[in-house]
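Peer 1: Okay, sequence plus prediction incoming.
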Amino acid sequence: MPTNTKYLGLELKSPVIAGSCGLTANVDNLCKLEKAGTGAVVIKSVFEEQIIYDIKRNTHIMAPVGNYGASYEYIAQHVADDSLEKHFSIIREAKSRLSIPVIGSVNCYSHENWLTYAKRFQDSGCDALELNMAILPYETSLSADDVERTFNNIIQTLKKSVTIPISIKVGPYFTDMAKFMQQLSWTGIGGITMFNKTLEVDIDIDKEEVSNASVLSAPESLYNTLRWTAILSKKLRCDLSATTGVSKADDVVKLLLAGATTVQVASCLYRNGVEYMKVLTDGLADWMQKKGYDSVDQFRGKLAVRPNETASMVMRTQFMHYFAEI
């Protein structure tokens, strides 16, 4: 059963994509994922903090920072280039060994490095670039307008600097999620990925320390992704890649019915191994055959909120039906 589709202008043999994670930093894993049927791979993100850490660690090993004087900037750039080169060599090797699209991923906090790294990704040969924009208003001095302005400034700068397709990966926390996502889709980006995995804070009451909850997304996280996919999929002017909470083939089908262009997975691959991708892709094909669908386009968005519908009323109607039995 053919499950091919298009995403970011790229031809994919399946709408199921291996999302950015530690598993996609290994080319042998990428080859296994391709064999298992993945439509594309998103390489593990480059984090600006990691590059800065490498600079500080390596310069400190060679000599105290104060000893470098005017040469520090040159040496720091050399260390940064070496650190980035290890990442980009994975992309080049992946491009030489895979026939499916290879998508880069970058996560920065400074405007200058968004631009620098994006250009380097393009030069490495990746087919598209996902901007993991984990920008959250944690500070009381930061307003929603500030966050939105940062998004727009980065997007506009990168669009002028790179020619490969760009998508942005966002978190689930915006005061005006529907409106802002639609506005972002009007900027000319190729796609929006909803949602990135945010830090889930826990507290160890014995040690009286702040700790982290599971780094893997729980199956229950699917429902928020499913809701927003259904609300926005027909109201965006770009592709929508849905992620977070996907644990089985049925979840892939649900998100496609809600209108997702592609579905990204990571946590279920950690739990079950990279070969689990075949369970997802085969499960999608089996469901399509059972239902008599010849292509993904025949059912994609079948259960999405329609463009002429008011999403708030659709959601309220569902709430009244299932909670008040009206």
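Peer 2: Received, thanks. Predicted model, so just to flag it, every value in this text is computed and none were measured. Residues are numbered from 1 along each chain as shown.
Peer 1: was I right about residue 291 contacting residue 299?
Peer 2: Yes: counting by C-beta atoms under 8 Å, residue 291 touches residue 299, with 7.3 Å between them. Bear in mind the C-beta positions are built from the backbone N, C-alpha and C, glycine included.
Peer 1: Those two - which one has more neighbours?
Peer 2: Taking other C-beta atoms under 10 Å, residue 291 and residue 299 do not tie; residue 299 has more neighbours (16 against 10).
Peer 1: in what helix or strand does the closest residue to that one other than its chain neighbours lie?
Peer 2: Sequence neighbours aside, residue 293 is the residue nearest to residue 299 in space, at 5.3 Å (criterion: C-beta to C-beta, 6 or more residues apart in numbering). Mapping residue 293 onto the secondary structure by DSSP states H and E places it in no helix or strand at all.
Peer 1: so how far is residue 201 from residue 293?
Peer 2: In this view, residue 293 and residue 201 are 42 Å apart by C-beta to C-beta, to the nearest Å.
Peer 1: Kindly report the same for residue 233.
Peer 2: Separation of residue 233 from residue 201 (C-beta to C-beta) stands at 31 Å.
Peer 1: just residue 176 next, same as before
Peer 2: Using C-beta to C-beta, residue 176 is found at 25 Å from residue 201.
Peer 1: Would you state the helices of the protein in chain order?
Peer 2: 27-35, 48-62, 72-97, 111-124, 144-159, 177-185, 222-232, 249-257, 267-272, 276-291, 311-323 (DSSP state H).
Peer 1: Check the ones you listed for me: which has the lowest mean pLDDT.
Peer 2: The weakest mean pLDDT among the helices of the chain belongs to helix 48-62, with a mean of 53.
Peer 1: Next, count neighbours for residue 121.
Peer 2: Residue 121, neighbours per other C-beta under 10 Å, totals 25.
Peer 1: on that earlier part again, determine which of the helices of the chain approaches residue 216 most closely.
Peer 2: Closest to residue 216 of these, according to C-beta to C-beta: helix 267-272, at 4.0 Å.
Peer 1: now what about the closest one, what contacts it?
Peer 2: 18, 21, 23, 216, 217, 246, 247, 248, 276, 277, 279, 280 (C-beta atoms under 8 Å, 6 or more residues apart in numbering).
Peer 1: And it, what's buried?
Peer 2: 267, 268, 269, 270 (16 or more other C-beta atoms under 10 Å).
Peer 1: With distance to residue 195 added, can I get those in CSV?
Peer 2: CSV is the format used below for those (distance: C-beta to C-beta, whole Å):
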residue, distance to residue 195
267, 13
268, 16
269, 18
270, 18
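Peer 1: List just the nearest of those to residue 41.
Peer 2: residue 269 (11.0 Å).
Peer 1: any idea how far the closest one is from residue 241?
Peer 2: 16 Å.
Peer 1: What average pLDDT does stretch 5-21 get?
Peer 2: 98.
Peer 1: start to end distance for it?
Peer 2: End-to-end span of stretch 5-21 (C-alpha to C-alpha, to the nearest Å): 23 Å.
Peer 1: again, but for stretch 171-185
Peer 2: By C-alpha to C-alpha, the extent of stretch 171-185 from end to end equals 15 Å.
Peer 1: Just the closest of the contacts of helix 267-272 to residue 106, please.
Peer 2: Looking across the contacts of helix 267-272 and measuring by C-beta to C-beta, the closest to residue 106 is residue 21, at 14.5 Å.
Peer 1: what's the burial count for the closest one?
Peer 2: 22.
Peer 1: That one reaches residue 266, doesn't it?
Peer 2: Yes: assessed by C-beta under 8 Å, residue 21 is found in contact with residue 266 at 4.1 Å.
Peer 1: Sounds good, over and out.
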